[in-house]
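Chemist: dropping the sequence and predicted coords here.
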Amino acid sequence: MISPPSSRANDGSILIRRLPTGVRGLDAVLGGGIPELSFNLVAGGPGAGKTTLALQIIFENASSDRPGLYFTVLGEPTIKLIRYQQQFGFFDPERIGRDVYLLNVGTEAAGGDLDVVLARIVAEVERLTPGIVVVDSFGTLVPSGPRTDGSDAARLEQFVQRLSLHLTSWETTSFLISEYPQAEQRHPVFTIADGIVSLSQVADGNSVVRKLQVTKVRGQAFMPGLHTFRITDSGLQVYPRIPEQQSTRRPPRPQRLGTGVPGMDEMLGGGIPAGDAVMLAGPAGSGKTTFATQFVAAGNHMGESAVIAVFEEYPEVYLRRARGAGVDLEAMVRDGKLKLIYLRPLDLSVDETLAAILETVEEIGASRVVIDSVSGFEIALAPAFREDFRESFYRLVGALTALGVTVLMTNEVAFAGPAGDLSFTGERVSFVTDDIIIQRYVELEGQLRTVLAVVKMRGSAHSHDFREYVITAHGMVVGESLRAYRGILTGFPERRSYARRATHVGLTPIESSVLDALVRIGDASAATLATRTATSPAEVTRALDRLVALDYVLRAADRDDETTYRAIARSDKR
Amino acid sequence: MPSKSPNMRKVALRLLTRSGSTGLGEGILESPAEAEQAFRLLAIELSRWFGFYGYHALLTRALAEARREHPVLATVQVRSATEPWFEPFPQVAGTHRVDSAIEGWVALLTGLLDLLGRVIGEDLAVKLVSQAMTKRAPDDQLADAPDAANAAETGDTL
């Protein structure tokens, strides 16, 4: 006995149940699933994934009471279908012959009499009382190409109409597989269908992009447009296009997140506002990844979880490099507080990337996300997606920050332009960010040094100084302001004239810098001075030795096995 | 030639000696007509899955392999691609010839199971063949299969 599939809504109208497809992301695109008892077309060229999609839907909905029937006509032989579809995770051989039947009507179709084909299908439907039926493919029922004439089309249309009536009468949800591409969907059969799903794959450069489009679902609002999908070992997985702007953006928490980089939070007015999207832009080797790992570790110290999306190197290499910079990300991974998502293939879509990140964020309850790097991400995308990278990136960042997650994105830039050229990417994606930090190399006192500055913080006061920073064995450390210099953006800063006059006579710039720091902060160790002056410990030690010898500085005390120094107040030394 | 699986032989033997569910009665192997009808039922059921042409392709390959070791099968003929069941089996007489015929039918079914197993997996092959051979064919199906009933009743002789 077939149970009534639909009930009535409060207003007396039929309440149509929606069947899950079993395809991740597809139910959302369809507006909730497949309307029960609907008659649908799945269209697409060879290799588009039509068969896999239909079987996935069958396995999701079939039961021993209401099995799923898959009829093959003259296309792929059933025996091959069973052989190859077994490779997918959804295909459970145990259910074959119980919940799922793959039946062949090739012999009937070979005779060319569509009535015979229909009779066989109807006989099987009556015999097995399925809940779901697929006919693959109806296009092979009549000759194709030059031999096709109007009568063939009419016969086919009549066949489909009668089939539709029979299947609906037997209360089945049904699918016809069609090879007709999107452009040829003017065929009358398409008007009979209650729903149309089109699949396509396009070779683009060296990559293949698969897209799915729902062009019709009677009675429910579906998600328009092209959606990327991928065929994995588990079957199809659809990545719905991200809504362009989340209307329910979570209000940012009234807190600042520590970056974990000594001196940086001070520049950021107390840290990064929670829920912001931060861009860290700098040239290769300037310490962007080091900054990012410290940002993640700082969150971990506060009990927060994090996700890092890596595009340019393998996770194990990334973890090893972080350890080299003094950050033990591996321990965080072991504790389940950090997940690395490795996204390197060259045919990614933005939506696929976002789906992977969002899923992981939800899985571990992450509050910090690092995208390392935007430039690597862009390269990982299929060429087709690079064309609208700016818009896609906007959607990605919008979706992440809407969750209240704080996003740190690194981006490699060259700063090769003239002074003041602050375009951070070729695509100029900085407009999507709340905060921007830039790093760059400068030639300072005959050395290649690194400086950074906070360019922008939306709605928040921040430092406008360029400050030098160094990468130590314990990570990045931000040093003193470079207010004494001008022309930093050119890469060749010059000490301002008043600054030159302030230099201590007979001392090197480093010695002067160390002495100035000692005057400002009082007693300090060589390590502290190295941090505050953004100078290597060895150079500071040498400078201190000379300052002691010249009576600018004295060794104040040994504290915790560490020597501290104190400046001697001798203005006549200037 | 791919080696035969001992498990498949056991399955084939079990399927050809089982009783009751098809109404074919005990001692199927002792009656060529019943053996022929068992294969006919198998043909009808598996052709639903693989199509007549698909099943015919499997059966003829399995028959060709089995004939090499069992000459008694030389006289067995598949009717046609769209009727992939056997012409009536010859009636055999004498203990030795009956044993040879039994061995031939078992080898044929074993070969079919082996072949199908290599394509779709052993478990699924055993499942589909078992389901087919233990299913009572609907009357209309047997009626649609020409000569099925007659062959079972008369047991044609050489």
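Modeler: Received the coordinates, thanks.
Chemist: what helix or strand does A:Ala28 sit in?
Modeler: helix A:26-30 (DSSP states H and E).
Chemist: ok, and what's touching that helix?
Modeler: For helix A:26-30, contacts defined as CB atoms under 8 Å, 6 or more residues apart in numbering or on different chains pick out A:18, A:20-21, A:33, A:195, A:197, A:212, A:214, A:217, A:220, A:222-223, A:227, A:236, A:238, A:240. Any C-beta I mention is one placed from the backbone N, CA and C, and that applies to glycine too.
Chemist: cutoff 7 Å now
Modeler: Here helix A:26-30 makes contact (CB atoms under 7 Å, 6 or more residues apart in numbering or on different chains) with A:20-21, A:33, A:214, A:217, A:222-223, A:227, A:238, A:240.
Chemist: which one among these sits at the bottom for pLDDT?
Modeler: Here the lowest pLDDT out of the contacts of helix A:26-30 sits on A:Pro240, with 87.
Chemist: what distance do you get for A:Gly299 to A:Ser305?
Modeler: For A:Gly299, the distance to A:Ser305 (CB to CB, to the nearest Å) stands at 8 Å.
Chemist: quick check: neighbours shared by these two?
Modeler: Here A:Gly299 and A:Ser305 share the contacting residues A:Ser367, scored by CB under 7 Å, 6+ apart.
Chemist: who has more neighbours out of the two?
Modeler: A:Gly299 (24 against 21; other CB atoms under 10 Å in any protein chain shown).
Chemist: and A:Ala527, how close does it get to chain B?
Modeler: 67 Å (CB to the nearest CB, to the nearest Å).
Chemist: before we move on, what about A:Asp335?
Modeler: With CB to the nearest CB as the criterion, A:Asp335 and chain B are 42 Å apart.
Chemist: now A:Phe311
Modeler: From A:Phe311 to chain B the distance is 39 Å (CB to the nearest CB).
Chemist: so what's that residue up against?
Modeler: A:343-344, A:372-373, A:376-377, A:380.
Chemist: which SS class is A:Asp465?
Modeler: Following DSSP: H, G, I helix; E, B strand; the rest coil, the label given to A:Asp465 is coil.
Chemist: for it, phi and psi?
Modeler: phi -80, psi 150 (degrees, to the nearest 10).
Chemist: measure how buried the closest residue to it other than its chain neighbours is and give me the count.
Modeler: The spatial neighbour of A:Asp465 that comes closest, neighbours along the chain excluded (CB to CB, 6 or more residues apart in numbering or on different chains), is A:Ser481 at 4.2 Å. Applying other CB under 10 Å, we find 16 residues neighbouring A:Ser481.
Chemist: which strand residues bridge A:Ser481?
Modeler: Beta-bridge pairing of A:Ser481 under DSSP bridges involves A:Arg467.
Chemist: residues from the stretch 51-200 of chain A in reach of chain B?
Modeler: A:77-79, A:82-83, A:86, A:93, A:96-97, A:102-104, A:106-107 (CB under 7 Å from any CB of the partner chain).
Chemist: pLDDT value on residue 71, please?
Modeler: Answering for chain A, as no chain was given. A:Phe71 is given a pLDDT of 94.
Chemist: was after chain B, sorry
Modeler: 87.
Chemist: quick one: it from chain A, how far?
Modeler: The spacing between B:Pro71 and chain A, counted by CB to the nearest CB, is 29 Å.
Chemist: what's the closest non-adjacent residue to the closest residue to chain B within chain A?
Modeler: Per CB to the nearest CB, A:Asn104 is where chain A lies closest to chain B, at 3.5 Å. Excluding the flanking residues, the one nearest A:Asn104 by CB to CB, 6+ apart is B:Gly51, at 3.5 Å.
Chemist: tell me the SS of the one you found?
Modeler: Three-state call for B:Gly51 (three-state DSSP): helix.
Chemist: from A:Arg95, how far out is it?
Modeler: Relative to A:Arg95, and taking CB to CB, B:Gly51 is found at 21 Å.
Chemist: for A:Leu340, which residues are in contact?
Modeler: A:308, A:310, A:315, A:318, A:333.
Chemist: that one is in what secondary structure piece?
Modeler: Using DSSP H and E, A:Leu340 maps to strand A:338-342.
Chemist: mind listing the strands that strand pairs with, and their directions?
Modeler: Short version: by DSSP bridges, strand A:338-342 pairs with strand A:306-310 (parallel).
Chemist: can you list the buried residues in the strand holding A:Leu340?
Modeler: Neighbour-count burial for strand A:338-342 flags A:338-341 (criterion: 16 or more other CB atoms under 10 Å in any protein chain shown).
Chemist: before we move on, what about stretch A:267-276?
Modeler: By 16+ other CB under 10 Å, the buried positions in stretch A:267-276 come out as A:267-269, A:271-276.
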